[in-house]
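A.B. asks: Provided below for reference: sequence and predicted model.
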Amino acid sequence: MRIETQPTWEPAVAGNADGGVTGPGAAPARAAAAVAYRARVLVVDPDQTALAEVRARLERAGYEVVTRAQALGTAQAIADLRPDVIILEQQMPALSGERLARVLRSRQNDVPIIFHSRVDATDLQRIAAEVRALGVIPKTDDEVLFLAQFERLFAGLLRA
């Protein structure tokens, strides 16, 4: 079951029927088609440095970002914030990313989840598949790679 949410964004430019953009600023908008609006991203990670880094990367790319340093209480924060997508660390004290995702799914909450962790990629892919996550982005110092991976996953969500 997919939970419908009200958009938390405003269109940046006008779109045409085939998904392209028109009007002033169309060239920059096409370059960032995955962020044609300010999607709200909730980032959950106990590492304050990682939170700040992901927030800065996504905000520079045009996203609205909300961060949380702990998994406990995140289900209520999701209900309050209604994010368009969640970026979730797997390794957290008290409640792992996997466990949080399972709690959300057990409550029929289908908010899109992207795991972002240094956990072994094979294990993380397995977890992501089991909880019906959008996918996995391994933690990296490469901002361009991070954004490319995020926007690929997010664009897939927009096409769904």
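C.D. replies: Sure, I can see it.

A.B. asks: residue 55 against residue 64, yeah?
C.D. replies: No: Residue 55 is beyond contact range of residue 64, at 10.2 Å (criterion: Cβ atoms under 8 Å). (Each C-beta comes from the backbone N, C-alpha and C, glycine too.)

A.B. asks: now do the helices in this protein.
C.D. replies: Counting by DSSP state H, the segments of the chain that form helices are 26-31, 48-60, 74-81, 97-106, 121-130, 143-159.

A.B. asks: now the third one - C-alpha only, CSV.
C.D. replies: As requested, C-alpha coordinates have been extracted for helix 74-81 and formatted as CSV (Å, rounded to 0.1, in the frame of the first residue of the first chain):
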residue,chain,number,x,y,z
THR,A,74,11.4,8.8,13.8
ALA,A,75,8.1,7.1,13.0
GLN,A,76,6.3,10.1,14.6
ALA,A,77,8.6,12.6,12.9
ILE,A,78,7.7,11.0,9.6
ALA,A,79,4.0,11.4,10.3
ASP,A,80,4.6,15.0,11.2
LEU,A,81,7.1,16.0,8.5
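
A.B. asks: for it, buried residues please.
C.D. replies: 74-75, 77-78, 81 (16 or more other Cβ atoms under 10 Å).

A.B. asks: in these, find the pair that's most separated.
C.D. replies: Across those, the longest distance by Cβ to Cβ is 11.1 Å; it joins 75 and 81.

A.B. asks: next up, the contacts around residue 57.
C.D. replies: Counting by Cβ atoms under 8 Å, 6 or more residues apart in numbering, residue 57 makes contact with 143, 146-147.

A.B. asks: tell me the mean pLDDT for stretch 72-80?
C.D. replies: For stretch 72-80, the mean per-residue pLDDT is 92.

A.B. asks: with that, I have no additional questions.
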